[in-house]
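> my questions are about this predicted structure, shown below with the sequence.
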Amino acid sequence: MDGVTVINHPLVQHKLSFMRRKETSTAGFRRLLREISTLLCYEVTRDLELTMETIETPMVEMETPVLEGKKLVFASILRAGNGLLEGMLDLVPSARVSHVGVYRDHETLQAVEYYFKAPESLSERLVIVVDPMLATGNSSIAAVDKLKERGAINLRFVCLLAAPEGIKNFREAHPDVHVYTAAIDSHLNEHGYIVPGLGDAGDRMYGTK
Ligand SMILES: O=P(O)(O)OC[C@H]1O[C@H](OP(=O)(O)OP(=O)(O)O)[C@H](O)[C@@H]1O
Ligand SMILES: O=c1cc[nH]c(=O)[nH]1
Ligand SMILES: [Mg+2]
C-alpha cells in the first residue's frame with residue numbers, strides 16, 4: 001500500500017500477538033509495548049541521514065558517521081502514545097519530545113484536543129508521531145494538523161495497529177506523512193474499535209476502564 005509500511009519482523013509479530021490476548025496483564029501489556037516500540041523505532045529510523053565526523057579513537061584519528069541535523073522529535077498522542085514513546089526514548093535518548101493531548105469522544109468518535117507542548121524549531125526537525133492505535137484516524141489527523149500548524153513539515157506516523165478505514169482517512173488528510181504499523185486489521189466495529197484489535201490501548205496500559 002502506498003505510503004504505508006507494515007513492520008513484519010518476527011519479534012514484532014510475536015509480541016503483538018501477546019498484546020492482543022485478553023488475559024495479558026496490565027504490567028505485561030506495558031512491558032510488551034515498551035519492547036515492541038524499540039523495534040518499531042529501529043525500522044522508522046533506518047533511513048536517517050548520516051554525516052561524517054572526525055574523532056580520535058585510542059589508536060588513531062578517523063572519519064566516522066553520526067546522525068545529521070537537529071535532534072529528532074517524538075510526538076506522543078496522549079495517553080496511549082506514551083507507551084510507544086518510552087521505548088523509542090530508550091533507543092534515541094537525545095530526542096526531543098512533544099505531547100499532544102487528544103482523546104476520542106466515545107459518541108461522535110471525533111478528536112477532542114486538551115493539551116499541546118512542543119520544542120522549538122519543529123520545522124527543522126524530523127517529527128515522529130506515535131500512537132498505538134489508528135482507528136478512524138480522527139485523533140492522529142488532528143495531532144498532525146496541530147503539529148503542522150506549529151511548523152512541522154517533515155513527519156512520520158508510527159502505530160501498532162491500523163484499521164483500513166483509518167489508513168485511508170489519514171493518508172487522504174496527510175498524504176505527505178508515511179505510516180508505519182505492525183499490522184493492518186480487518187475493520188472497525190460499530191463503536192469505532194479495531195477488530196480483531198487489542199481493545200482500548202490506553203485502558204489496557206493504565207488499568208483504567
Ligand atoms: O483513530 P481514532 O478513531 O481517533 O482512535 C484512535 C485513538 O483512540 C485511542 O485514544 P483514546 O481516545 O482512547 O485516548 P487515551 O489514549 O487517553 O485512552 C488511541 O490511543 C488513539 O489516540
Ligand atoms: O480499537 C481501538 C480503537 C481506538 N482506540 C483504541 O484504544 N482501540
Ligand atoms: Mg483510550
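Alright, I've got the coordinates. Ligands and ions are numbered 1, 2, ... in the order given.

> got the contact list for the residue positioned nearest the centre of the chain?
Nearest to the geometric centre of the chain sits residue 130, at 2.1 Å (Cα atoms, centre = their mean). Applying Cβ atoms under 8 Å, 6 or more residues apart in numbering to residue 130 gives the contacts 37, 74-77, 81, 84-85, 88, 157-159. The C-beta positions use only the backbone N, C-alpha and C, and glycine is treated the same way.

> quick check: which of those are also close to ligand 1?
residue 77 (Cβ under 6 Å from any ligand atom).

> in CSV: the contacts of residue 130, plus secondary structure and distance to residue 180.
CSV is the format used below for these (DSSP: H, G, I helix; E, B strand; the rest coil; distance: Cβ to Cβ, whole Å):
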residue, secondary structure, distance to residue 180
37, helix, 11
74, strand, 13
75, strand, 14
76, strand, 15
77, strand, 14
81, helix, 14
84, helix, 11
85, helix, 15
88, helix, 12
157, strand, 7
158, strand, 5
159, coil, 7
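
> got a ChimeraX select line for the buried ones in the contacts of residue 130?
Command for ChimeraX that selects the buried part of the contacts of residue 130, burial taken from 16 or more other Cβ atoms under 10 Å:
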select :37,74,75,76,77,81,84,85,88,157,158,159
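
> can I get the contacts of residue 130 in a markdown table with distance to ligand 3?
Output for the contacts of residue 130, formatted as a markdown table (distance: Cβ to the ion, whole Å):
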| residue | distance to ligand 3 |
| --- | --- |
| 37 | 17 |
| 74 | 19 |
| 75 | 17 |
| 76 | 14 |
| 77 | 10 |
| 81 | 11 |
| 84 | 14 |
| 85 | 15 |
| 88 | 19 |
| 157 | 18 |
| 158 | 17 |
| 159 | 13 |
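
> show me what the residue lying closest to residue 65 once chain neighbours are set aside is bridged to.
Leaving aside its chain neighbours, residue 65 sits nearest to residue 50 (4.0 Å; criterion: Cβ to Cβ, 6 or more residues apart in numbering). Counting by DSSP bridges, residue 50 is bridged to residue 67.

> stretch 18-27 and ligand 2 in contact?
No. Using Cβ under 6 Å from any ligand atom, stretch 18-27 never reaches ligand 2; the gap is at least 10.9 Å.

> residues making contact with that stretch?
28-29, 32-33, 36, 160, 196-199, 204-207.

> return the set of buried residues in that stretch.
When burial is assessed from 16+ other Cβ under 10 Å, stretch 18-27 yields the following buried residues: 18-20, 24.

> what about whichever residue of the chain sits closest to ligand 3, which helix or strand?
Proximity of the chain to ligand 3 (Cβ to the ion) peaks at residue 202, 3.1 Å away. Following DSSP states H and E, one finds residue 202 within helix 201-206.

> what's the neighbour count on the residue in the chain that ligand 1 sits nearest to?
Residue of the chain nearest ligand 1, by Cβ to the nearest ligand atom: residue 202 (2.3 Å). Counted with other Cβ atoms under 10 Å, the neighbours of residue 202 add up to 19.
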